[in-house]
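# next one to model:
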Amino acid sequence: MASGFSLDGGMIPRSEKRSIDERGEPRAPAVSSTAVLEYRGRNHVVRLMNLSASGAMVIFPHVPHIGEKLRLQLLDRGQIFAQVRWVKDGRIGLSFTA
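Numbers count the residues shown, from 1 in each chain. Here you go, the predicted structure:
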């Protein structure tokens, strides 16, 4: 039985909006508005939407796979390794890895 979903990095649609914020830590608007994201061997300047100690949301026109590992260069923190957690409408959610 085929559904219309695939593992291309897209989000599973919700039938309802979130009613509570389940984040483990607060998000703050990004101090510097841009960063450099290394994606499949090429560097891309991206716009940071928000930042926390463990992750970030960036504007990015490409569609990486969920779980894909990327490198993010932040002006105030230097280079950080990250993993894609979600992709939606030209934005990606990243969690920082060790």
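
# my guess is H44 meets A35, correct?
No: if you go by CB atoms under 8 Å, H44 and A35 don't touch, sitting 9.4 Å apart. All C-beta atoms are positioned from the backbone trio N, CA, C, and that covers glycine.

# so between those two, which is more surrounded?
Taking neighbours as other CB atoms under 10 Å, H44 and A35 compare with A35 leading, 21 against 15.

# give me the three-state assignment for that one.
strand (DSSP: H, G, I helix; E, B strand; the rest coil).

# distance of it from M57?
A35 sits 11 Å away from M57 when distances are taken as CB to CB, to the nearest Å.

# now for these two: what residues contact both?
L48 (CB atoms under 8 Å, 6 or more residues apart in numbering).

# three-state assignment of A53?
Under three-state DSSP, A53 comes out as coil.

# ok, it to A35 distance?
When A53 is compared with A35 (using CB to CB), they lie 16 Å apart.

# again, but for V58
7 Å.

# can you check F96 too?
Noted for F96: a distance of 12 Å to A35, by CB to CB.
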